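Enquirer: fold the following and give me the result.
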Amino acid sequence: MQVKLLPTPEQASALESTLRACNRAATYASQIGFAQDIKDRNGLQKEVYADLKATFGLSAQPVVRTVKKVVDAYASLKANLRAGRFGPPTSKRYRKAVSTPIVFRPEAAQPFDDRCLSWQYDARTVSIWTVDGRTKGIRFACSPDRLKTLVTCRKGESDLVRRGGKWFLVATCEIPDPHVYEPVDWIGVDRGIVNLATTSDGTNHQGRRLTRYRRWQARKRAELQRKQTRSATRRLARRRQKEQRHATHVNHRISKEIVSVAQRTGRGIAVEELGGIRERVRLRRDQRGTLSAWPFHRLGQHLAYKAKKAGVPFLEVDARHTSQRCPRCGHTERANRPDRDLFRCRRCGLAGPADVVAGVNVRDRARSAWVLVTAPASSP
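Expert: Reported below is the predicted structural model:
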């Protein structure tokens, strides 16, 4: 749960000094842990505890949270290396990742627990430990619904974040899962590039505007990259963040609409399982950028968590031949789809929009899969 902080200039200065001190300390602890090959929390804390307090001006509990941040960063790096996100072990990126210690940006997020940070919900203020002492009365702003969630569900750490010159607190909330109802039917969702999402009901969420927006951003990025100046680099970073926010907004809007329809009609949501699609398909050179920028995974994540929050059943089904199979007679052939937009069965003659037909196939597979999931185990 993210809330916006509204600090005074003096409070903002204290927060900035704290964030920079904690990240300098984290970089120092990272260097020590890398040099001595210490990646466990207790071992690293024993090695750097006194230095972080004496050299960087941190109190006991911020030292503990800083060491934990370093250990978590190395654990994430190890997981990403195993997952192949840095390429093969022979790649330049992989070798650089394993041969140098992790460095923390001066304004990277810093976690605080309840000993370092307290919330005053009635006054809508927080009290945070800083290198200048305990800073009290820092106002925060959020909607009434978010405030209610904070009061009832907040647990554990809160991260102090500075983004675009603004201050935020990201609080961890444990929200109980609602009861998932028994669906009367399913909404099949086919995800694509031209049409971001098409449902089995025939609702089409087109992606042409997003595609045009991404192409325009790509042209602007190319212009800035040719300049090769420091100001151009800063503007590139801002453009990248703006483009990500725009794509996230589009995904939120589409997923919210689909989940609301499913909840109102008592149905579940089914999508294709598209994991690893970028590795499975071979594309022409001019298609690679389009596929890499395709936000299908994020849309699936939004659908999954919004459905879970609303108590809507959610399933991922096999994606094979969903756009080539006839939902009426079951005939599957590549020629059933003569072009991108049209489906025409070569056996029974069923015709219609290809993405809608794919959504219907996803819906039918969800019906069969749900029967198997909910079927009682046979007695021996």
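
Enquirer: looking at this, R139 is in a strand?
Expert: Yes. Checked against DSSP: H, G, I helix; E, B strand; the rest coil, R139 lies within a strand.

Enquirer: is it true that it touches L6?
Expert: Yes. R139 is within contact range of L6, at 4.3 Å (criterion: C-beta atoms under 8 Å). Where you see a C-beta, it was placed from the backbone N, CA and C, and this is true even at glycine.

Enquirer: and the helices in the stretch 251-380 of the chain?
Expert: With helices called from DSSP state H, counting those that start in this stretch, the stretch 251-380 of the chain shows them at 277-280, 285-292, 296-310, 354-374.

Enquirer: looking at these, which is buried most?
Expert: Highest mean neighbour count among those (mean count of other C-beta atoms under 10 Å): helix 354-374, with a mean of 20.

Enquirer: run the chain-centre distance for that helix.
Expert: 26 Å (C-alpha atoms, centre = their mean, to the nearest Å).

Enquirer: send over it as CSV, restricted to the C-alpha atoms.
Expert: The C-alpha trace of helix 354-374 is given here as CSV (Å, rounded to 0.1, in the frame of the first residue of the first chain):
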residue,chain,number,x,y,z
ALA,A,354,-10.1,-15.0,-34.7
ASP,A,355,-9.5,-13.5,-31.3
VAL,A,356,-13.1,-14.1,-30.2
VAL,A,357,-12.8,-17.7,-31.3
ALA,A,358,-9.6,-18.1,-29.3
GLY,A,359,-11.4,-16.7,-26.2
VAL,A,360,-14.2,-19.2,-26.7
ASN,A,361,-11.6,-22.0,-26.8
VAL,A,362,-10.0,-20.7,-23.6
ARG,A,363,-13.4,-20.6,-22.0
ASP,A,364,-14.2,-24.2,-23.0
ARG,A,365,-10.8,-25.5,-21.7
ALA,A,366,-11.5,-23.7,-18.4
ARG,A,367,-14.8,-25.5,-18.1
SER,A,368,-13.1,-28.9,-18.5
ALA,A,369,-10.2,-28.0,-16.2
TRP,A,370,-12.5,-26.7,-13.4
VAL,A,371,-14.4,-30.0,-13.4
LEU,A,372,-11.1,-31.8,-12.9
VAL,A,373,-10.0,-29.4,-10.2
THR,A,374,-13.2,-29.6,-8.2
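
Enquirer: what sits up against it?
Expert: Around helix 354-374, the neighbours that count as contacts under C-beta atoms under 8 Å, 6 or more residues apart in numbering are 182-183, 185-190, 192, 195, 198-202, 204, 268, 270-272, 313, 315, 317-318, 321-323, 325-327, 337, 340-343, 350.

Enquirer: give me the number of residues near the closest residue to A354 other than its chain neighbours?
Expert: Once flanking residues are discounted, A354 sits nearest to F343: 4.3 Å by C-beta to C-beta, 6 or more residues apart in numbering. Using other C-beta atoms under 10 Å, F343 has 24 other residues around it.

Enquirer: list the contacts for F343?
Expert: S323, C326, N336, R337, L350, A351, G352, P353, A354, V357 are the contacts of F343 under C-beta under 8 Å, 6+ apart.

Enquirer: pull out the buried residues from those.
Expert: Buried members of the contacts of F343, counted by 16 or more other C-beta atoms under 10 Å: S323, C326, N336, R337, L350, P353, A354, V357.

Enquirer: report pLDDT for the residue nearest to the spatial centre of the chain.
Expert: What sits nearest the mean C-alpha location of the chain, by C-alpha atoms, centre = their mean, is R298, with 6.6 Å. According to the prediction, R298 has pLDDT 84.

Enquirer: wait, what's in contact with the residue lying closest to it once chain neighbours are set aside?
Expert: Excluding the flanking residues, the one nearest R298 by C-beta to C-beta, 6+ apart is N251, at 5.2 Å. By C-beta under 8 Å, 6+ apart, N251 lies in contact with L196, P295, R298, L299, H302.

Enquirer: equivalent analysis for R226, please.
Expert: With C-beta under 8 Å, 6+ apart, R226 has no contacts at all.

Enquirer: which residues does G352 form beta bridges with?
Expert: F343 (DSSP bridges).

Enquirer: quick check: the gap between it and A123.
Expert: Separation of G352 from A123 (C-beta to C-beta, to the nearest Å): 59 Å.

Enquirer: how about the contacts made by A270?
Expert: A270 makes contacts with 186-189, 314-317, 362-363, 365-366, 369, as judged by C-beta under 8 Å, 6+ apart.
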